[in-house]
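**Student:** Mind looking at a prediction? Sequence and model below.
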Amino acid sequence: MLIKFIVFASVGVVGTAAHYLVLYQLVESYHLDPVTASACGAVAGMCVNYLLNYILTFRSQQSHWKAFPKFAVIAGIGFSLNFGLMTVLTPHFYYLYAQIMTTLIVLVWNFLGNSLWTFRVKIA
């Protein structure tokens, strides 16, 4: 399970990079508020993470018709956590620091949800 988490976190770096790139670009170039920009970035990161986790982390044999809806539920809850935490944290912290704290919490949720439900990894 530890190795799966390391692979999951490594793959997540790419999705997180997509998330942060969208967040930063929308805030700095288009002056969008950080909470909304973070929500847009989370959607970009979700798309990247699904494909990479399906193929690399979990090497799923499930059809996308079965796996993606489950992934979307877990990601939707993660999206809600991201939105809520950013709403609470951005008045008190610089938006990128708030996003880092939020990302760490959402990472744990997404790993557990996807491991135990979406891709059904057996815990030995």
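**Tutor:** Thanks, I have it.
**Student:** Output the below-cut-off pLDDT ranges for this protein.
**Tutor:** 121-124 (pLDDT under 70).
**Student:** so where do the helices sit in this structure?
**Tutor:** Ranges of helices in the chain, per DSSP state H, are 2-28, 34-52, 64-89, 95-113.
**Student:** For residue 58, which of the ones you listed is the nearest?
**Tutor:** The minimum distance between residue 58 and the helices of the chain falls on helix 2-28, with 7.6 Å, by C-beta to C-beta. The C-beta positions use only the backbone N, C-alpha and C, and glycine is treated the same way.
**Student:** helices or strands up against that closest one?
**Tutor:** Packing partners of helix 2-28 (3 or more C-beta pairs under 8 Å, 6 or more residues apart in numbering; DSSP states H and E): helix 34-52, helix 95-113.
**Student:** Just say which of those helices is most tucked in.
**Tutor:** Burial of the helices and strands packed on helix 2-28 is given as mean neighbour count (mean count of other C-beta atoms under 10 Å); helix 34-52 ranks first at a mean of 20.
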